[in-house]
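Trainee: Here is a sequence with its predicted model. Questions after.
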Amino acid sequence: METEEPRREQEEETGHVSADAMLYCPVCNQRLSEHKCKLVCVRCGYYMSCADYC
Ligand SMILES: [Zn+2]
């Protein structure tokens, strides 16, 4: 099984792009909440399982 990393977006002017970036919703930029093995966006309902980022 290969680990699939999301393609990085272009860095924004903040220059604050790191592994932490994946803790934010790619849809609405809301900070994702951790629920067991999932990261969930409480704002739009987006979520990803740990299999996507571990
Ligand atoms: Zn969202």
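Mentor: Received it, and whenever you're ready, just let me know what you need. Everything numeric here is computed off the predicted structure, so don't read it as measured data. Numbering: from 1, shown residues only.
Trainee: okay, residue 5: pLDDT?
Mentor: We note a pLDDT of 73 for residue 5 in this prediction.
Trainee: Number of residues surrounding it?
Mentor: Residue 5: 10 surrounding residues under other C-beta atoms under 10 Å. In short, each C-beta sits where N, CA and C put it, glycine included.
Trainee: same thing with residue 41?
Mentor: 19.
Trainee: likewise residue 40?
Mentor: 16.
Trainee: Could you tell me how far it is located from residue 2?
Mentor: Between residue 40 and residue 2 the computed distance is 24 Å (C-beta to C-beta, to the nearest Å).
Trainee: do residue 28 as well
Mentor: Going from residue 28 to residue 2 by C-beta to C-beta gives 28 Å.
Trainee: Compare those two (neighbour count), which wins?
Mentor: The residue with more neighbours, out of residue 28 and residue 2, is residue 28; 11 against 4, by other C-beta under 10 Å.
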